[in-house]
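Asker: For reference, the sequence and a predicted model appear below.
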Amino acid sequence: MSATTWAWLVLAFPLAGTVVIALGWRTLSGRSAGWIGTAAIAAAFACAVACFISIQSHAPDHRVLTSTLWDYANTVGVDARLTILVDPLSVLMILVVSGVSALIHLYSVSYMASDRGYVRFFSYLNFFVFSMLLLVLGGNFVVLIVGWAFVGAASYLLISFWYRRRTATAAGIKAFVINVVGDVGLVLGTYFIFKHTGTLDFEKTFHSVRDVFYSNQPDLVAGCILLLLGAFAKSAQIPLHTWLPDAMEGPTPVSALIHAATMVTAGVYLIARLHPLFEQAPAAADVGAVVGCLTLLVAGTIALAVTDLKRVIAYSTMSQIGYMIMGVSSGAYVAGLFHLMTHAFFKALLFMAAGSIIAAMAGEQSLDRMGGFRRAMPFTFPAMLIGGLALSGIPPLSGYFSKDQVLLDVANRGGWHWALYVLGYLGALLTAVYTFRMIFRAFWGEPVAEARELEQGHLHHVETPFNPATDEPEDTDVGFPGPDHHIAEREGSMRGAMAILAVLAVVGGVFQLPKVNWLEHFLEPAFGDSRYFNPPTQGPLAVSLVIGGVIGVLGIAIAYQVWVRRPGTAAEVRERLSPVYLLFVNKWYFDDLIDIAFVRPTAWVGRFAQQTFERVFVDGTLVGGATAVVRAGSAAVRAAQTGFVRYYAGLLILGLAAVSLYFLLQS
Amino acid sequence: MNIGWYLVVSAFVFCIGAAGVLTRRNPIVILLCLELMLNAANLALIAFSRMWGNAQGQIFALIVIVVAACEVAVGLGLIVAIYRRRLPIDVDELRELQG
């Protein structure tokens, strides 16, 4: 079979899984829905591998394939078809997405086992994977936008999965609204480009972009910045990032899948996919690079201060995606995608380990109440440690190679990109510190009661479940988390998924070892036309690798000093730098700023519209006026209806007499 | 004989009928007056028919008689129904359809 057929199958399996699970919600008992979902995604992954093999058999020049199933709207000037584009970039993306998703499904089979919404969960999860695969396989702007919006909807459904939690529904709405802002940007950006190129197809757009636009043409820059708005919203970049930490209200596998490994990298994919446009609009690309750099620093500092375990990882995700956005916006496409891939491995692993700890704490997420889980969780601990080491960029784990590659390729651009390079290493130091702050606080120190209980072989259990964000009491019915918790130590499927990811997080670097560059060779057909795709001239490669390693180790050493050797240090620093601490712990006041700048004015306008416009103008003038006119008219007509027969007869005769008189006078 | 006389009689009868319809309160009398008006019209039709030597007027008159018979049947039925429900047999009292 051809590569495109395999790609269609990659799309078909998750969709079939969604439908089967959704329709069978009444009959699927026990964990069968989970296994069906996992099997569907595993089949999609197998097809993705087949697609990869199939595309490798083509000559390098012929590895960009398209396939059209049917036309959406193919009329004057619009060529919207259901087309997929299979090239090395999309093949890499479907491999990462379906592979990591399959493992996360496997993990969820056990992790969600006692939840009353089990079947619904897997139906949503499969739908999400389908949407994401559609997004990365789309061969024109229309399919991309459809996938983009589907992904946002799936994200909303899964964040609000525990829909009886007020905090979860609020977080879902927030994520959806911010994502829709991005969707609007994407659609408008597409329009700006379509207006000039006259085609929606990616291939045709890329071919014509250099003829149609001159460099930094205002329309193109505006279009690209609007596209970046979409990318920022989806990838949680400043200033559209505030939904991501709140999205941690969803179940942990959702955080691992959507808010770490796949969906939030859609913005990176978008920039990489549309690189011919961004190269023709360097001003827009520079905006992306700067915003990515800012995000990685801001998120890194916030991660130092927050105490919610999942939110620490969420800010870390934001920060790492900042690296990727900075990379792909600066022309470091291969490095950015390489970091996307390794990040998917180790961040999914970190979230899975975090889920296991949260389960051991019976739903509690605050780092302040954790500690000493090292002995109690002999599997979760090394898994988290591997994830943390990879994230901190310790050689020879995967994150070490990918992060340094991003920074090096950014520096290769020269000029002010060197500033990004330096700030990137500052971010790397922050990364190592906050990662190991989290690990040290959860696993080192005096074991807490829950950890002791687990050492005795008993999993901690609470009588009344509670919302970890507000401490409100809950029950365990549908719409709330289930009664039982599942930790990796006791569930084979969770262990299996985490073990595979741990191995990948360790060895993921081999795909793009310096000098070997498999990934670069693989991706060459997709990026060969790029101005910045320059097979290695990398100057300070060795120096960079050494700096990266040293910074990682230094960060861990700082974290060890502060949180293990002298546990009071953190409090001291907090005292001394309290304004800075307040800034970090309040997330740089972004939430408050957005609240003041947008949410409150909108709410005010809404209230004005409701109380003044709606009540006075619409209700009072329009509706009230119309009824008043009808009422007055009918009152006038009603007066003629006296009910006296002779009155009617008299009118009749008078009328007749008048008509007769008229004709008499006429004749 | 001049057609004018026939028409004068017809007009007189019509006016008597119309005046009766307008002034009387008993529905039976109103129906009788309506019959007068219809027959005045019949007289005029037949007079014109004779004048032109054309049968159409007479056919019209026959149709009017048929319609009048139907109307009397319905009208008397209504009056009987009113009587049976012990409502006043007075058109001025029966004015529930006023606006």
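Answerer: That came through, no problem.

Asker: wait, does stretch B:69-89 contact chain A?
Answerer: No: counting by Cβ under 8 Å from any Cβ of the partner chain, no contacts exist between stretch B:69-89 and chain A, the nearest distance being 11.8 Å. Backbone N, C-alpha and C define where each C-beta goes, glycine included.

Asker: Tell me which residues of that stretch come out buried.
Answerer: Residues of stretch B:69-89 classed as buried: B:75, B:79, B:82 (neighbour count, 16 or more other Cβ atoms under 10 Å in any protein chain shown).

Asker: Likewise for stretch B:29-48?
Answerer: B:30-48.

Asker: Filter these to keep only those in contact with chain A.
Answerer: Answer for the buried residues of stretch B:29-48 near chain A (Cβ under 8 Å from any Cβ): B:Ile30.

Asker: Of the buried residues of stretch B:29-48, which belong to strands?
Answerer: Among these, no member falls in strands (DSSP state E).

Asker: what ranges of the stretch 251-400 of chain A fall below the confidence cut-off?
Answerer: Nowhere does the stretch 251-400 of chain A drop to pLDDT under 70.

Asker: Recalculate using a threshold of 80.
Answerer: A:260 (pLDDT under 80).

Asker: Also chain B?
Answerer: For chain B, the ranges with pLDDT under 80 are B:1, B:94-99.

Asker: for it, what spans make up the helices?
Answerer: Secondary structure of chain B (DSSP state H): helices at B:3-23, B:27-52, B:56-84.

Asker: With respect to A:Leu408, which of the ones you listed lies nearest?
Answerer: A:Leu408 sits nearest to helix B:56-84 of all the helices of chain B, at 104.0 Å, using Cβ to Cβ.

Asker: counting contacts, what elements does the closest one pack onto?
Answerer: helix B:27-52 (3 or more Cβ pairs under 8 Å, 6 or more residues apart in numbering or on different chains; DSSP states H and E).

Asker: Can you tell me the SS state at A:Gly555?
Answerer: helix (DSSP: H, G, I helix; E, B strand; the rest coil).

Asker: how near is it to A:Leu65?
Answerer: Distance, A:Gly555 to A:Leu65, using Cβ to Cβ, to the nearest Å: 44 Å.

Asker: which of these two has more neighbours?
Answerer: A:Gly555 (23 against 20; other Cβ atoms under 10 Å in any protein chain shown).

Asker: Surely that one touches A:Tyr425?
Answerer: No: using Cβ atoms under 8 Å, A:Gly555 is not in contact with A:Tyr425; the gap is 10.5 Å.

Asker: ok, back up a step: nearest to chain A among the buried residues of stretch B:69-89?
Answerer: B:Gly75 (11.8 Å; Cβ to the nearest Cβ).

Asker: domain assignment for chain A?
Answerer: A:3-585, A:591-666 (automatic domain parsing).

Asker: So for chain B, which of those sits nearest?
Answerer: domain A:591-666 (2.9 Å).

Asker: what's the first-to-last distance across that closest one?
Answerer: Counting by Cα to Cα, to the nearest Å, you get 86 Å between the two ends of domain A:591-666.

Asker: cool, stretch A:82-92 as well?
Answerer: For stretch A:82-92, the end-to-end distance is 21 Å (Cα to Cα).

Asker: who touches that stretch?
Answerer: A:3-4, A:7-8, A:11, A:48, A:51-52, A:55, A:63-72, A:136-140, A:143, A:201-203, A:269, A:272-273, A:337, A:341, A:519, A:522-527 (Cβ atoms under 8 Å, 6 or more residues apart in numbering or on different chains).

Asker: In helices, which of those residues appear?
Answerer: A:3-4, A:7-8, A:11, A:48, A:51-52, A:55, A:136-137, A:143, A:202-203, A:269, A:272-273, A:337, A:341, A:519, A:522-527.

Asker: which of those count as buried?
Answerer: A:3-4, A:7-8, A:11, A:48, A:51-52, A:55, A:136-137, A:143, A:202, A:269, A:272-273, A:337, A:341, A:519, A:522-527.

Asker: can you tell if stretch A:618-633 touches chain B?
Answerer: No: residues of stretch A:618-633 are not located near chain B by Cβ under 8 Å from any Cβ, the shortest gap being 12.4 Å.

Asker: quick one: A:Trp588 and A:Val298 touch, right?
Answerer: Yes: with contacts counted by Cβ under 8 Å, A:Trp588 reaches A:Val298, the gap being 5.7 Å.

Asker: Comparing those two, which residue is more hemmed in?
Answerer: Neighbour count, other Cβ under 10 Å: between A:Trp588 and A:Val298, A:Val298 has more, with 23 against 15.

Asker: Spit out the contact partners of the more buried one.
Answerer: A:238, A:588.

Asker: Go again with 10 Å.
Answerer: A:237-239, A:241, A:315, A:318-319, A:322, A:427, A:584, A:587-588, A:590 (Cβ atoms under 10 Å, 6 or more residues apart in numbering or on different chains).

Asker: That one - that's part of a strand, no?
Answerer: No: using three-state DSSP, the assignment for A:Val298 is helix, not a strand.

Asker: Need the distance between the two termini of stretch A:556-567.
Answerer: 15 Å.

Asker: what does it contact?
Answerer: So stretch A:556-567 is contacted by A:304, A:388-389, A:392, A:394, A:429, A:432-441, A:444-446, A:568-570, A:572-573 (Cβ under 10 Å, 6+ apart).

Asker: Please pick the buried ones from those residues.
Answerer: For the contacts of stretch A:556-567, buried by 16+ other Cβ under 10 Å: A:304, A:388-389, A:392, A:394, A:429, A:432-441, A:444-445, A:570.

Asker: Helices - which of those residues land there?
Answerer: A:304, A:388-389, A:392, A:429, A:432-441, A:570.

Asker: A:Gly509 versus A:Asn517, what's the distance?
Answerer: On the measure of Cβ to Cβ, A:Asn517 and A:Gly509 end up 12 Å apart.

Asker: could you point out the longest helix in chain A?
Answerer: helix A:166-197.

Asker: Averaged pLDDT, that one. What do you get?
Answerer: Mean per-residue pLDDT for helix A:166-197: 90.

Asker: List the buried residues for it?
Answerer: A:168-169, A:171-172, A:174-179, A:181-183, A:185-190, A:192-194, A:196-197.

Asker: Repeat that for stretch A:580-593.
Answerer: A:581, A:584, A:587, A:590.

Asker: Quick one: residues contacting residue 58.
Answerer: No chain in the question, so chain A it is. With Cβ under 10 Å, 6+ apart, A:His58 has these contacts: A:2-3, A:64-65, A:525.

Asker: sorry, should have said chain B
Answerer: Contacts of B:Gln58 (Cβ under 10 Å, 6+ apart): B:42, B:45-46, B:48-50.

Asker: swap in A:Leu340?
Answerer: A:92-93, A:96, A:261-262, A:264-265, A:268-269, A:272, A:320-321, A:323-324, A:327-328, A:402, A:406.

Asker: Would you show me how to pick out the buried ones of those in ChimeraX?
Answerer: A single ChimeraX command selects the buried members of the contacts of A:Leu340 (16+ other Cβ under 10 Å):
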select /A:92,93,96,261,262,264,265,268,269,272,320,321,323,324,327,328,402,406
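
Asker: Which of the contacts of A:Leu340 fall in helices?
Answerer: Among the contacts of A:Leu340, DSSP H puts A:92-93, A:96, A:268-269, A:272, A:320-321, A:323-324, A:327-328, A:402, A:406 in helices.

Asker: Name the SS class of the closest residue to A:Leu244 other than its chain neighbours, please.
Answerer: Excluding the flanking residues, the one nearest A:Leu244 by Cβ to Cβ, 6 or more residues apart in numbering or on different chains is A:Ala236, at 3.8 Å. Secondary structure, three-state DSSP: A:Ala236 is coil.
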